[in-house]
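Undergrad: need a structure here:
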Amino acid sequence: MNIGVAIKKIRTGKELTQGDLSKLTVISQTSISQIEKGIKRPSQKNLQKICRALEVPETIIYFYGLEESDIPQSKKNVYSFIYPAVEEMIKKLIVD
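TA: Sure, this is the predicted structure:
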């Protein structure tokens with residue numbers, strides 16, 4: 001699970017800089033950078049601030065944070081089949 005990658009995907013999809021997100025959340029730009037790089041994991045409170053600023057529910061962050069290695073081997077076929085379609089649908093919901 002890589003929450004930082006998920007946050008970065010959504011942030012850049014909304015054409016926000018780390019500085020923009022920092023201002024919206026009152027979380028330092030350094031912390032945003034460290035979260036996106038996976039150096040640090042956001043606290044629950046900061047994750048909620050980020051979700052509010054990005055206008056997405058936490059479940060979307062967790063969905064985008066999924067990595068193939070998180071999926072049990074027995075479910076990888078289903079994951080490979082469903083993930084691209086769900087990801088595309090979520091992109092349209094987030095950006096539009």
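Undergrad: use CA for all of it now, contacts and neighbours both
TA: Fine.
Undergrad: elements contacting the host helix or strand of Val86?
TA: Using DSSP states H and E, Val86 sits in helix 76-95. On a contact count with 3 or more CA pairs under 8 Å, 6 or more residues apart in numbering; DSSP states H and E, helix 76-95 meets helix 3-13.
Undergrad: In the helix or strand following the helix it packs on, which residues are buried?
TA: Downstream of helix 3-13, the next assigned helix or strand under DSSP H and E is helix 18-25. Using 16 or more other CA atoms under 10 Å as the test for burial, helix 18-25 gives 18-19, 21-22, 25.
Undergrad: can you redo those as a markdown table with pLDDT?
TA: Converted to a markdown table, these look like this (pLDDT from 0 to 100):
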| residue | pLDDT |
| --- | --- |
| Gln18 | 98 |
| Gly19 | 98 |
| Leu21 | 98 |
| Ser22 | 98 |
| Thr25 | 98 |
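Undergrad: just those now: which is nearest Ile90?
TA: Lowest distance from Ile90 to those (CA to CA) belongs to Leu21, with 20.0 Å.
Undergrad: Quick check: the gap between the closest one and Thr30.
TA: 11 Å (CA to CA, to the nearest Å).
Undergrad: ok, Phe63 to Lys91 distance?
TA: Here the criterion is CA to CA. By it, Phe63 lies 12 Å from Lys91.
Undergrad: give me every residue that touches the closest residue to Gly4 other than its chain neighbours.
TA: Nearest non-adjacent residue to Gly4, counting by CA to CA, 6 or more residues apart in numbering: Glu36, 3.7 Å away. Glu36 is in contact with 3-8, counting by CA atoms under 8 Å, 6 or more residues apart in numbering.
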